[in-house]
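Colleague: 3D, please:
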Amino acid sequence: MLRGMEVLKSYRRNAVHVRKALAQLNQDTGSVGVERGYSQDTALMERYKRLSIPVRRALNAADRASFGQAFAAVTASPLADPGQLSIVTRSWQAFQQECESTVGLGGGKVPRKQILQDWLAAAAFYDTLDRDKAYDRLIDQWGTAAEGISPTVLGEPEILPPPPKTPPPPPDPDEKWWKRLLRL
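Modeller: So this is what the prediction gives:
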């Protein structure tokens with residue numbers, strides 16, 4: 001039972017990281033930049049990185065913070081509510097079935113789970129200094145369609161909303177007042 005308690009504590013701590021990362025993903029917006037010819041939020045991958053690390057842990061069956069180990073510990077508890085367990089069991093099985101389903105990508109059928117794992121790894125190991133090109137390798141392997149599949153699994157929009165408009169620069173304090181008046 002002690003092992004089960006440790007697993008549940010690890011899972012709960014990991015869930016807190018997921019919740020915080022989800023809140024930051026929806027709140028923070030970075031500056032607009034251009035990457036690979038597309039304008040995008042420059043801090044987006046950093047926010048995905050904060051989310052992908054705990055999600056990878058939850059999906060990794062060997063990790064102490066995994067959902068599978070935590071669910072097994074809860075199921076073994078005599079205090080577990082059978083009604084709630086059946087709801088969670090059905091949801092987990094539906095998620096597993098969706099992950100095992102395939103999608104046509106790169107000329108063949110690929111399990112969605114593989115694409116999700118690769119995308120999570122690419123986001124988790126994303127290097128802003130471009131020393132490790134994990135995300136580029138993902139795009140090289142699966143194409144840009146992988147970008148659309150993984151956010152869908154995570155419940156994110158495929159097409160991000162446009163970034164907020166940049167406000168105009170403040171007036172130059174050294175500029176003469178009469179020059180500003182003439183510009184109007």
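Colleague: Pretty sure Asp172 sits in a strand.
Modeller: No: under the criterion used here (DSSP: H, G, I helix; E, B strand; the rest coil), Asp172 is coil, not part of a strand.
Colleague: neighbours around it, how many?
Modeller: 9 (other Cβ atoms under 10 Å). Glycine gets a C-beta too; all of them are placed from N, C-alpha and C.
Colleague: what does the one 5 residues further on give?
Modeller: Burial measure for Trp177: 8 neighbouring residues, criterion other Cβ under 10 Å.
Colleague: pLDDT score for it?
Modeller: pLDDT recorded at Trp177 is 76.
Colleague: That one and Pro167, how far apart?
Modeller: Distance of Trp177 to Pro167, given as Cβ to Cβ, to the nearest Å: 22 Å.
Colleague: cool, Leu59 as well?
Modeller: 41 Å.
Colleague: More neighbours: these two, which one.
Modeller: Using other Cβ under 10 Å, the more surrounded residue of Leu59 and Pro167 is Leu59, with 17 against 6.
Colleague: So which residues of the chain form helices?
Modeller: Under the criterion DSSP state H, the chain contains helices at 2-27, 44-59, 67-76, 82-100, 112-124, 134-142, 145-154, 177-183.
Colleague: Run a quick neighbour tally on the closest residue to Lys113 other than its chain neighbours.
Modeller: Nearest residue to Lys113, sequence neighbours excluded (Cβ to Cβ, 6 or more residues apart in numbering): Cys99, at 3.7 Å. Neighbours of Cys99 under the rule other Cβ under 10 Å: 16.
Colleague: now the helices of the chain in CSV, with distance to Pro171?
Modeller: Formatted as CSV, the helices of the chain follow (distance: least, Cβ to Cβ, whole Å):
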stretch, distance to Pro171
helix 2-27, 31
helix 44-59, 32
helix 67-76, 55
helix 82-100, 55
helix 112-124, 41
helix 134-142, 40
helix 145-154, 41
helix 177-183, 6
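Colleague: any idea which of those scores lowest on pLDDT?
Modeller: Least confident of the helices of the chain, judged by mean pLDDT, is helix 145-154 with a mean of 58.
Colleague: which residue sits closest to Gln69, ignoring its sequence neighbours?
Modeller: Nearest residue to Gln69, sequence neighbours excluded (Cβ to Cβ, 6+ apart): Val7, at 4.7 Å.
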